[in-house]
Each structure stands twice: as structure tokens, then as C-alpha cells.
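[1] Let's see this in three dimensions:
(chains A, B, C and D)
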There are 2 protein chains.
Amino acid sequence: MRKANDQKAETRQRIADAAGRLFRQHGIDAVGVDAIMHAAGLTHGGFYGHFPSKEALVAEVAAASLARAAARWQRIARAGAPGPALRQIVGSYLDPAHVAEMERGCVLTTLGPEVARRPEARPAIAASVRVMADALGRCLPAGDEACALSALSTMVGAVVLARLADSPELAAAILAAAQGAVLPHDSISPAPPERSARSAG
Amino acid sequence: MRKANDQKAETRQRIADAAGRLFRQHGIDAVGVDAIMHAAGLTHGGFYGHFPSKEALVAEVAAASLARAAARWQRIARAGAPGPALRQIVGSYLDPAHVAEMERGCVLTTLGPEVARRPEARPAIAASVRVMADALGRCLPAGDEACALSALSTMVGAVVLARLADSPELAAAILAAAQGAVLPHDSISPAPPERSARSAG
DNA sequence: CATTCAGCATGACGATCGTCATATGGTCAA
DNA sequence: TTGACCATATGACGATCGTCATGCTGAATG
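    Have a look, this model is predicted:
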């Protein structure tokens, strides 16, 4: 086995990525260490050479995934005009594709309550929530903090509810209603789906 | 042991109530059958005389808990004037007490993603979501379905986010922002907390 | 008072959980 | 080429998981 400088970091990232997918898809407690390692192409024993415990992995995976999403929102919000930036962020979030792909969905909507039960993971999550609200605030016409927080709440709740719907029609109605509440009333766009391979959240 | 007519139904309800509390507090997969039965004052073996499996218990508990909340919302919405009814529903939902008591909180905010992963439980949940949106629609000034769905999304998302906050200030800001978005702009009430022993959801 | 039987307790099954000790074997330095 | 090293594999630990078979017990029925 090569001992290249960053080989271990690469493997560690593979483990974290696999865990991120499996946690979102099946729930944190429903996925064992061996399932994560198998998905990463390894066997269960080597796990503790990379992470001190499963709980440490959970905290790191949740924090890193949400931090990536928050950074993406900031990048979009700071790049172009407020209107298109808002439509890109909101449109990709309130998209049926985001609802369908739970394994790549925003951590807030896939693991929110489960992370809330883990106090050690919450500070990092809350920091990213602040960043996401800040990014939204830069795009919103009424750019106060309250509007950004309520818009983020609407987006998170809509995706959670859409995943609970028993028909595509109800899910679509929830997403459309949330878009109508978050986006300015004059921009009724069909929400151009982002082509990035990244998570929507 | 007495064999009174409804003794078994009573025990069954005790099991379901204990499961509802434990599932919300620790997560569905983090609570075993023996923990549920112990919380109900019994031992693990008798469980399968009441429920065919743990998954059946999960589906029933989630559906029943949310159906109770939906029925309560309908009762409130149909009882008094739209304004006070809306303030009662929204105020008790977007209340720090609801955020704090996860073990009695609304199923949508405590078990939403976990239930979404269980397809067999979703029809009953979706039905209650429709009832809750209908109740909200009866109270909202603009009583169309879209406004009700977006208001419900905002409420659910706000409670999820408030539980992820690492400071009471952030949690309070999220709840206040959501109230500002859902309630009519002229009624800035301090949200009279409901004195019922029921869950807020 | 005797009998029956439903409701629950007891105990066990194989499987899987998180964690760790140790073996292996490929890769880099000398 | 040789030796050391370290990332990973193997295998095992006790605990707990969901589920079921069986035994006990006391209330209801005659």
C-alpha cells in the first residue's frame, strides 16, 4: 500500500462522504460503522484509525456538509445581482429533485431533528445556519435578519413536508407555495434547476 | 391480573404513549423495544401481544400523534374568530416551550425526516398535514391553499431550526421571525402560551 | 370453590451494534 | 535489497437489537 502523503486524508474523506450519504438516506442510528466502511470500499476495523468514535464522525460529517452548502450560498449571494441569486438559491432548494434525492439533500432537512439531539454537534450547525441566513438576507428585497430567518424556515419546512407527502401533487403544491412566499411576488420563475453535482442544501 | 374488558387496550395505549415520548426524545432507531416496554412499566416479552412489530408501532404512533394535533387545530380553527384562532395555533407552535420539550413536540418537527424514510407511514402523515393546512387556511386572512401550505412550512422549519440553535437568542429570533411571517402584520401579540397538557404540534 | 384462559414475565435465539487488539502486507527510506 | 513503518484487514469482545416460545398468575366464569 502506498504511503503517499495524502493517502490517509483521501481515505478519511471517502469514509466521511459515504457516511454523509448513508446517514441522510437511512438515518444516523440505522447505519452501522461496518456499512459505512463497506460503502467506502474498506472493512470495519480500520475505522478507528480515522475517527475516534462514530459520534465524532457524525458531528464532523453534519458540520462539514452544511458548511459546504452555506459557503455555496454565500458565493452565489455575493456573485451576481440579488434577484437571480435569490432565484438560484431558492429554486434549487425548493426543487422536486432536492426532495427526491434525500441522500444528497440539505442536512437541515434530512438530519435536522437527529442532529438537534446531539448537543456537541449543534454549535457548528448553528454557525452555518447563520451564514445561510446572512446569504439569504443579501438577496432579499427587505434585507433584514428576520426576513432571512423566516425565509430559511419556510424553505426547510417545505422540503421536510414535501418528503412526507404521499403524492407528487401535494409535494409540488408545498414547494410552489413556499416559493411564492419566499420569492418576490413579481418573479414567478419556473426555478431553473442547478446543474451542479453538489447538494442543493 | 384482572381481565377487565378494556385492560389490554389500556396497556396498549400506555405502550404507544411511552413510545411516542421516547421516539421523539432519542430518535426511532435509538430506542429499543425493551426501553419502550420498561417505560410503560412492563417487560419486553409482552410487546408482541400488542403490536406485530416495532415498525407497526412506529407507524401507528406517528400517525396517531399527528392526527391528534391536526384534530386540535381543526377544533380551534372552527371554534372562534379567525384572528384569535390563528394566534392560538401559531403562538403555541412557535413557542420556546414547544422547542424545548422535544419529547412532546409536533411529530413533523421531531420525527419528520425519520418518518419520511418509512413509506408505509407516510399516507397517514400526509392526511394529517392536509388537515393541518386546512385548519390554517380557515384562519388566514388570505385563505387560499398556498398560503396555508407556506405558513405550515414556515412553522415546521422554524421549530426545526430553533432546536438546532446554540443560543436562546438565535432560537428566539427564529421563532419571532416566523411569527412575523405567518401572522398578519397588525397583530404583534406576545403569543399567549396555551395551558393545555397536549403537544403543541 | 374449581377451572379456564388471557395478559404478561421469563428466557433464549441469531444478528448486529460500537470498539479494540492484533496480524498483514505494501511502500518508502536507507 | 533490506528493513521499518503504517494504513488497512482480520477477528473477536460484550452489549444490545428485534423476535419468538414457553411458563406463570390471577381474574372471570360456572
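[2] Every contact and neighbour count from this point should use C-alpha atoms.
    Noted.
[3] quick one: average pLDDT of stretch A:44-56?
    The average pLDDT within stretch A:44-56 is 96.
[4] Briefly note if it comes near DNA strand C.
    Yes - Stretch A:44-56 reaches DNA strand C (CA under 7 Å from any atom of the strand) through A:44, A:45, A:46, A:47, A:48, A:52, A:53, A:54, A:55.
[5] so, if you compare these, which one comes nearest to residue B:14?
    residue A:55 (31.8 Å; CA to CA).
[6] Could you name the specific helix or strand carrying the closest one?
    Taking DSSP states H and E as the definition, one finds residue A:55 inside helix A:54-79.
[7] what about that helix, distance to the chain center?
    7 Å (CA atoms, centre = their mean, to the nearest Å).
[8] so what secondary structure elements neighbour that helix?
    helix A:7-26, helix A:82-93, helix A:107-110, helix A:122-139 (3 or more CA pairs under 8 Å, 6 or more residues apart in numbering or on different chains; DSSP states H and E).
[9] relative to helix A:82-93, how tilted is it?
    Put simply, helix A:54-79 runs at 150 degrees to helix A:82-93, going by axes from the mean of the first three to the mean of the last three CA atoms, to 10 degrees.
[10] buried set for helix A:54-79?
    The neighbour-count check on helix A:54-79 (16 or more other CA atoms under 10 Å in any protein chain shown) flags A:54, A:57-67, A:69-70, A:72-74, A:76-77 as buried.
[11] So it, near DNA strand D or not?
    No - judged by CA under 7 Å from any atom of the strand, helix A:54-79 makes no contact with DNA strand D; its nearest approach is 13.3 Å.
[12] that older thread, could you identify which of the helices and strands packed on helix A:54-79 is most buried?
    Stretch with highest mean neighbour count among the helices and strands packed on helix A:54-79: helix A:107-110 (a mean of 27; mean count of other CA atoms under 10 Å in any protein chain shown).
[13] How about residues contacting that helix?
    The list of residues contacting helix A:107-110 from outside it, by CA atoms under 8 Å, 6 or more residues apart in numbering or on different chains, reads A:24-25, A:62, A:65-66, A:102-103, A:156-157, A:159-160, A:201, B:113, B:160-161.
[14] Correct me if wrong: residue A:24 contacts residue A:112.
    No - judged on CA atoms under 8 Å, residue A:24 makes no contact with residue A:112 at a distance of 10.0 Å.
[15] which one of the residues of stretch A:44-56 next to DNA strand C sits closest to chain B?
    residue A:55 (13.1 Å; CA to the nearest CA).
[16] Give the burial count for residue A:34, as a bare number.
    By the measure other CA atoms under 10 Å in any protein chain shown, the count of residues near residue A:34 is 15.
[17] Which helix or strand contains it?
    Here residue A:34 is assigned to helix A:33-39, by DSSP H and E.
[18] Just confirm yes or no for that helix near DNA strand C.
    Yes - applying CA under 7 Å from any atom of the strand, one finds helix A:33-39 in contact with DNA strand C at A:33, A:34, A:35.
[19] need the contact list for the second one.
    For residue A:34, the residues meeting the contact criterion (CA under 8 Å, 6+ apart) are A:43, A:44.
[20] State the distance from it to residue B:28.
    Residue A:34 sits 20 Å away from residue B:28, going by CA to CA, to the nearest Å.
[21] follow-up on the earlier one: least confident of the contacts of helix A:107-110?
    Within these, pLDDT is lowest for residue A:201, at 55.
[22] So what touches stretch A:57-72?
    In contact with stretch A:57-72 (CA under 8 Å, 6+ apart) are residues A:16-17, A:19-20, A:28, A:51, A:106-108, A:115, A:120-121, A:124-125, A:128-129, A:131-132, A:135, A:199-201.
[23] and that stretch, does that touch DNA strand C?
    No - remark: stretch A:57-72 sits outside contact range of DNA strand C, by CA under 7 Å from any atom of the strand, the gap being at least 8.7 Å.
[24] quick one on the thing from earlier: buried ones in the helix holding residue A:34, by neighbour count?
    Across helix A:33-39, burial judged by 16+ other CA under 10 Å covers A:33, A:35, A:36, A:37, A:39.
[25] if I read this right, residue A:157 contacts residue B:156, doesn't it?
    Yes - counting by CA under 8 Å, residue A:157 does reach residue B:156; the two are 4.9 Å apart.
[26] Could you check which of these two is surrounded by more residues?
    Between residue A:157 and residue B:156, counted using other CA under 10 Å, the more crowded position is residue A:157 (33 against 29).
[27] ok, now which ones touch the more buried one?
    A:109, B:152, B:153, B:154, B:155, B:156, B:157, B:158, B:160.
[28] Please name the nearest non-neighbouring residue to the last one.
    The shortest distance from residue B:160 to any non-neighbouring residue, by CA to CA, 6 or more residues apart in numbering or on different chains, is to residue B:109 (5.6 Å).
[29] Report pLDDT for residue A:185.
    77.
[30] For it, the count of nearby residues, please.
    A count of nearby residues for residue A:185, using other CA under 10 Å, gives 9.
[31] cool, and residue A:147?
    Using other CA under 10 Å, residue A:147 has 22 neighbouring residues.
[32] give me every residue that touches it.
    A:137, A:140, B:177, B:181 are the contacts of residue A:147 under CA under 8 Å, 6+ apart.
[33] now residue A:41, what's its secondary structure?
    Here residue A:41 is recorded as coil under DSSP: H, G, I helix; E, B strand; the rest coil.
[34] Can you pull the phi/psi pair for it?
    Phi and psi for residue A:41, reported as degrees, to the nearest 10, are phi 80, psi 20.
[35] ok, so what distance separates it from residue A:11?
    Residue A:41 is 9 Å from residue A:11, by CA to CA.
[36] wait, doesn't residue A:86 sit right on residue A:133?
    No - checked against CA under 8 Å, the pair residue A:86 and residue A:133 is beyond contact range at 11.8 Å.
[37] Might you list the low-confidence residue ranges for chain A?
    Applying pLDDT under 70 to chain A flags residues A:1-5, A:186-201.
[38] Repeat the analysis, applying 90 as the threshold.
    Chain A contains residues with pLDDT under 90 at A:1-9, A:45, A:80, A:82, A:142-143, A:184-201.
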